[in-house]
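Visitor: need coordinates for the following:
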Amino acid sequence: MSMNTIAVGAAAAAWYELALCAETGPDFFFPEPGTSLRDAKRLCGACEGRAGCLEYALANDERFGVWGGLSERERSALRPR
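Guide: All right, here's what the predicted structure looks like:
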């Protein structure tokens, strides 16, 4: 599912309106396995919506791609076990 087609609530919409990823194609944040995430993470690091994006990803159990500057593995480590 593309980030452009995600139905978001009012709180989530606030971070999405600030999101730099909205100006970039989804392939940038959902790269092929084994490719570098460095550029996507760098862009996330400069994004004002990063915290809200990460909160959204954790609340909605997003399992793929870079969200809030973190990879799938990094987000998984933040989830309660």
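
Visitor: quick check, central residue of the chain?
Guide: Nearest residue to the geometric centre of the chain (Cα atoms, centre = their mean): Trp67, 1.8 Å.

Visitor: now do that residue, the pLDDT please.
Guide: On the pLDDT scale, Trp67 is placed at 96.

Visitor: and it, bridged to which residues?
Guide: Leu70 (DSSP bridges).

Visitor: what sits against it?
Guide: For Trp67, the contacting residues are 29, 53-54, 56-57, 75, by Cβ atoms under 8 Å, 6 or more residues apart in numbering. Any C-beta I mention is one placed from the backbone N, CA and C, and that applies to glycine too.

Visitor: can you tell me the closest non-neighbouring residue to Trp15?
Guide: Gly52 (2.6 Å; Cβ to Cβ, 6 or more residues apart in numbering).

Visitor: my bad, Leu78
Guide: The nearest residue in space to Leu78 (Cβ to Cβ, 6+ apart) is Leu58, at 6.3 Å.

Visitor: and what about that neighbour, helix, strand or coil?
Guide: Using DSSP: H, G, I helix; E, B strand; the rest coil, the structure places Leu58 in helix.

Visitor: next up, the contacts around it.
Guide: Leu58 neighbours (Cβ under 8 Å, 6+ apart): 68, 75, 78-79.

Visitor: quick one: which of those is most hemmed in?
Guide: The most crowded member of the contacts of Leu58, judged by other Cβ atoms under 10 Å, is Gly68 (22 neighbours).

Visitor: mind checking the SS state of the closest residue to it other than its chain neighbours?
Guide: Nearest non-adjacent residue to Gly68, counting by Cβ to Cβ, 6+ apart: Leu54, 2.3 Å away. Reduced to three states with three-state DSSP, the structure at Leu54 is helix.

Visitor: now do the same contact list for Leu54.
Guide: By Cβ under 8 Å, 6+ apart, the contact set of Leu54 is 67-70, 75.

Visitor: where in the chain is pLDDT low?
Guide: 1-13 (pLDDT under 70).

Visitor: again, only this time at 80
Guide: 1-13, 80-81 (pLDDT under 80).
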